[in-house]
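Engineer: Below is the sequence, then the predicted model.
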Amino acid sequence: MHDEQQFTRHADQGWQSWDEWSPEQDVCKFAGLLQRMLEPRCVLETGVGIGRITDHLDLTSCQFLGFESDPAWRRPPAHPDLVTPTADHMAEADFVILDSDVDVRFAEIALWAEHGKPGSVVLVHDTGNGHGPATVHAQIGFACAQTGQPGTFLKNPRGAWLGIHS
C-alpha cells in the first residue's frame with residue numbers, strides 16, 4: 001500500500017492521511033478549496049512542515065506568510081527564522097490556517113482572536129471529534145470555542161474548527 005493510501009488511525013473508512021502526524025488529506029484539500037473560494041489577498045499558515053496543506057494552496061495568487069515552530073521541519077516557504085506569527089501578521093491575513101506544534105498553537109489561536117483581521121477566516125486543525133476532555137485535541141477545541149469569535153466544528157477524525165473574525 002502506498003503512503004498516500006493509508007487511513008488515518010482510529011478513523012472511519014475513507015479518511016486518508018500520509019502518516020500519523022499529517023492532517024487528513026481531505027482537510028488539506030478543503031484548505032485549498034477554501035482559499036480558492038475566499039480569494040484572500042493574504043494567507044497565513046502555521047505548522048507548514050513539509051507542506052501537506054501548503055501543497056494544496058495557490059501561493060501565486062496571494063501573499064503567503066508561513067511559519068514552522070519545529071526547526072527540524074522548517075523549510076521554505078516557511079519563514080526561515082520566525083517560529084510563529086506576530087500580531088501584525090495576524091492583522092494582515094485574510095485566511096489563517098493553524099496547525100503548528102501544540103506548545104505554540106494555543107497562543108496562535110488567542111493571537112488570531114485578539115488581533116485577527118475583521119472578516120478573516122481561520123481553519124484550526126486537531127480540535128477534537130469525540131476526543132476525551134483530557135486530550136490535547138479537546139483542549140485545542142475548547143480554546144477555539146473560548147475565542148468569542150463565531151465558528152463551527154468540523155467532523156474530520158482529529159477535528160477542525162472553522163471560524164470567522166467578527
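Structural biologist: Arrived safely. Residues are numbered from 1 along each chain as shown.

Engineer: What score does the residue lying closest to residue 118 once chain neighbours are set aside have for pLDDT?
Structural biologist: Sequence neighbours aside, residue 165 is the residue nearest to residue 118 in space, at 5.5 Å (criterion: CB to CB, 6 or more residues apart in numbering). Yep, even glycine has a C-beta here, placed from its N, CA and C like the rest. Predicted confidence (pLDDT) for residue 165: 98.

Engineer: quick one, phi/psi of residue 165?
Structural biologist: Dihedral pair for residue 165: phi -80, psi 120, per degrees, to the nearest 10.

Engineer: give me the number of residues near it?
Structural biologist: 23 (other CB atoms under 10 Å).

Engineer: Wait, it touches residue 112, no?
Structural biologist: Yes - using CB atoms under 8 Å, residue 165 makes contact with residue 112 at a distance of 7.1 Å.

Engineer: Now for these two: what residues contact both?
Structural biologist: 120, 122 (CB atoms under 8 Å, 6 or more residues apart in numbering).

Engineer: What are the boundaries of the helices in the protein?
Structural biologist: 25-38, 87-92, 102-115, 136-145 (DSSP state H).

Engineer: Mind putting those helices into CSV with mean pLDDT, distance to residue 152 and mean neighbour count?
Structural biologist: Converted to CSV, the helices of the chain look like this (pLDDT from 0 to 100; distance: least, CB to CB, whole Å; neighbours: other CB atoms under 10 Å):
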stretch, mean pLDDT, distance to residue 152, mean neighbour count
helix 25-38, 96, 13, 18
helix 87-92, 98, 21, 16
helix 102-115, 97, 15, 18
helix 136-145, 96, 10, 19
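
Engineer: Run through the bridge partners of residue 66.
Structural biologist: residue 45, residue 78 (DSSP bridges).
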